[in-house]
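Asker: no sequence on this one, just coordinates:
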């Protein structure tokens, strides 16, 4: 007698997205809402946003107040180089560290906790998750940094007005510099997001980002004089920071040209992140 072996029924395949009810479909707006909730549920988000606001406004006002106080005894050469716009926006340097770290953290943090597997299971096509994180982070960063830049500028000029060395938003290059501060910091943060996807490790992503923004320009100073003019202006932070400078130095790119070059670095980073996200396991 031959015993028959029962074949277990095949597991049902997941229903295609098109067959799901409308209220269960994974769409980009729903992913954006999900990422928005996740973004603000992190304690690091509140800390980072607060540090960005305090750093940009506080340092801008402090530097302006100190320069106004020492103006009567400042040397003639320092007075000739004095730029009231850049003084009130000095806090951008601290802000770029904060937003860069936060950008890397919102991605690498999910890999560290393993939450990324649940996220990508809910959105198996993967790329919409990347776009949703980019949209949420860009909107929040741009609004926070731009508003902070305007407050830092206006408050800083109030301090400088005690010595009649202030400037106004209507002066050449000033409005572009203040507005450009928010644009520059947004791109810095998005580069952090890109490196978070690429490296998938918080420390590695942060080290890569600040190596690109801070170490690379320092190495550029060691280039031969015949090479420097053709390389240094195109380095990421050198190109990007021209847009937040009211009076760029000679030899640097034009403000919007430099910002466009900086955005090219971002596009390359996001493209690399998208390719790796599609090819690698979670």
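Answerer: Perfect, thanks for sending it. Remember, it's a predicted structure, so these values are computed and weren't measured experimentally. Residues are numbered from 1 along each chain as shown.

Asker: let me know the average pLDDT across the helix ranked longest in the chain.
Answerer: For the chain, the helix with the greatest residue count under DSSP state H is helix 127-160. For helix 127-160, the mean pLDDT works out to 97.

Asker: if you count neighbours, what's buried in it?
Answerer: 128-130, 132-138, 140-142, 144-146, 148-157, 159-160 (16 or more other Cβ atoms under 10 Å). No exception for glycine: its C-beta is placed from N, CA and C like everyone else's.

Asker: tell me where the chain has helices.
Answerer: Under DSSP H, the chain gives helices at 28-41, 43-70, 76-81, 84-88, 92-113, 115-122, 127-160, 174-199, 202-210, 216-220, 228-231, 236-241, 255-279.

Asker: of all the ones you listed, which one is nearest residue 167?
Answerer: helix 84-88 (4.5 Å; Cβ to Cβ).

Asker: by contact count, what packs against the closest one?
Answerer: Helices and strands touching helix 84-88, by 3 or more Cβ pairs under 8 Å, 6 or more residues apart in numbering; DSSP states H and E, are helix 43-70, helix 127-160, helix 174-199.

Asker: distance to residue 234 added to those, as TSV?
Answerer: TSV is the format used below for those (distance: least, Cβ to Cβ, whole Å):
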stretch	distance to residue 234
helix 43-70	27
helix 127-160	24
helix 174-199	15
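
Asker: residues contacting the residue nearest the centre of the chain?
Answerer: With distances taken as Cα atoms, centre = their mean, the residue of the chain nearest its centroid is residue 189 (1.4 Å). For residue 189, the contact set (Cβ atoms under 8 Å, 6 or more residues apart in numbering) comprises 99-100, 102-103, 137-138, 141.

Asker: and those, which two are the farthest apart?
Answerer: Going by Cβ to Cβ, the pair spanning the contacts of residue 189 furthest: 100 and 138, at 13.7 Å.
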